[in-house]
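Asker: Build me a structure from this.
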Amino acid sequence: MPLETVLAVIGAALIFAIVITALFAPWIAPYGENASVGGAYEPWSAVHVFGTDSIGRDILSRMIYGGRNTIGLAFAATCLAFFIGSALGTAAAVLGGWVDLVLGRLNDLLMAIPQLIFALLILTVVGSSAYTLIAVIGVLESTRVFRLARSLSVSIVHQDFVEVAKLRGESLGWIVFREVVPVSFPNLLAEFGLRFSFTILFVSSLSFLGLGLQPPTADWGALVRENASLIAFGDVTPLLPAGAIALLTVAVNLVVDWYLAKIRRRSAL
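Answerer: As a prediction, this is how the structure comes out:
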């Protein structure tokens, strides 16, 4: 078995384990998400595997619940980004003309603004609810998806099979959904995995800065911030949620790399 396939299997297994743990958090976590079950900053023990935080909440339980919140928020924001970006990017390529010009310049304008700074500005003004986070992150990430979707669609709309469909008198909807989208979909699917990884990091960064999901909701980025002071005492507990973020992003990238290699081999045939 090729090495890239072995790595992809390992990555898929890690993703499956993390997602299952997140989905069944209420049954897997030893304590509730916000239950105070011990003293402040209790050390690792059989009762509290990763100790407790400043108000006696079990850190292992909060990591499990935090995974559900972080992954769920990142997945929803990524789906929104792909809905907006792929729809507008494909429309710009197929319609062309002033539609392509206006959408392209608007996308360039949004991409010119640093994502994190823009998100911090918007969230400071409107607040940091889950729906607001999904909307802001989804719109900002859609600019990258737009660029890829447009690039793929531009190369497809000039292919012979699309020209034949136009000569047959097929409708615009037929050309988009039966000719363009099926060809661009594999590459967009690979981009979905990569964009999901970036979105997890984006969500965690906002939470670490205090503008993500608000307390007492558990979140991997917020868990790093809440327990960061322990580093000064040689306690590695704050590194655990950071390690979970890194583990998930690496696992997703292993699967995406395998999928991209598969696409390249298929294209070469």
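Asker: What helix or strand is Asp108 located in?
Answerer: Following DSSP states H and E, one finds Asp108 within helix 97-112.
Asker: next SSE after that helix?
Answerer: Moving toward the C-terminus from helix 97-112, the next helix or strand (DSSP H and E) is helix 115-126.
Asker: quick one: contacts of that next one?
Answerer: Contact with helix 115-126 is made by 110, 132-133, 136-137, 140, 202, 205-206, 209, 211, as judged by Cβ atoms under 8 Å, 6 or more residues apart in numbering. In this view, the C-beta of every residue, glycine as well, is placed from N, C-alpha and C.
Asker: mind listing which of these are in helices?
Answerer: 110, 132-133, 136-137, 140, 202, 205-206 (DSSP state H).
Asker: which of those residues count as buried?
Answerer: Neighbour-count burial (16 or more other Cβ atoms under 10 Å) applied to these gives 133, 136-137, 140, 202, 205-206.
Asker: pLDDT added to those residues, as JSON lines?
Answerer: Listed next are these as JSON lines, based on pLDDT from 0 to 100:
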{"residue": "Leu133", "pLDDT": "92"}
{"residue": "Val136", "pLDDT": "93"}
{"residue": "Ile137", "pLDDT": "93"}
{"residue": "Leu140", "pLDDT": "92"}
{"residue": "Phe202", "pLDDT": "92"}
{"residue": "Ser205", "pLDDT": "89"}
{"residue": "Leu206", "pLDDT": "90"}
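Asker: Next, count neighbours for the nearest residue to Ile200 once chain neighbours are set aside.
Answerer: Spatial nearest neighbour of Ile200, excluding adjacent residues (Cβ to Cβ, 6 or more residues apart in numbering): Ala74 at 4.5 Å. Ala74: 25 surrounding residues under other Cβ atoms under 10 Å.
Asker: and Ala74, what does it touch?
Answerer: 196, 199-200, 202-203.
Asker: what's the angle from the helix or strand containing it to helix 97-112?
Answerer: For Ala74, the host element (DSSP H and E) is helix 59-95. Angle, helix 59-95 to helix 97-112, by axes from the mean of the first three to the mean of the last three Cα atoms, to 10 degrees: 150 degrees.
Asker: Report the mean confidence score over helix 59-95.
Answerer: In this model, helix 59-95 has a mean pLDDT of 92.
Asker: Any idea how far it is from the middle of the chain?
Answerer: 5 Å (Cα atoms, centre = their mean, to the nearest Å).
Asker: Just confirm Ile20 is within a strand.
Answerer: No: the assignment for Ile20, made by DSSP: H, G, I helix; E, B strand; the rest coil, is helix rather than a strand.
Asker: Show residues contacting the host helix or strand of Gly173.
Answerer: In this assignment (DSSP H and E), Gly173 forms part of helix 172-174. Outside helix 172-174, the residues that touch it by Cβ under 8 Å, 6+ apart are 94, 165.
Asker: what about 10 Å?
Answerer: With Cβ atoms under 10 Å, 6 or more residues apart in numbering as the test, helix 172-174 has contacts from 91, 94-95, 165-166, 168.
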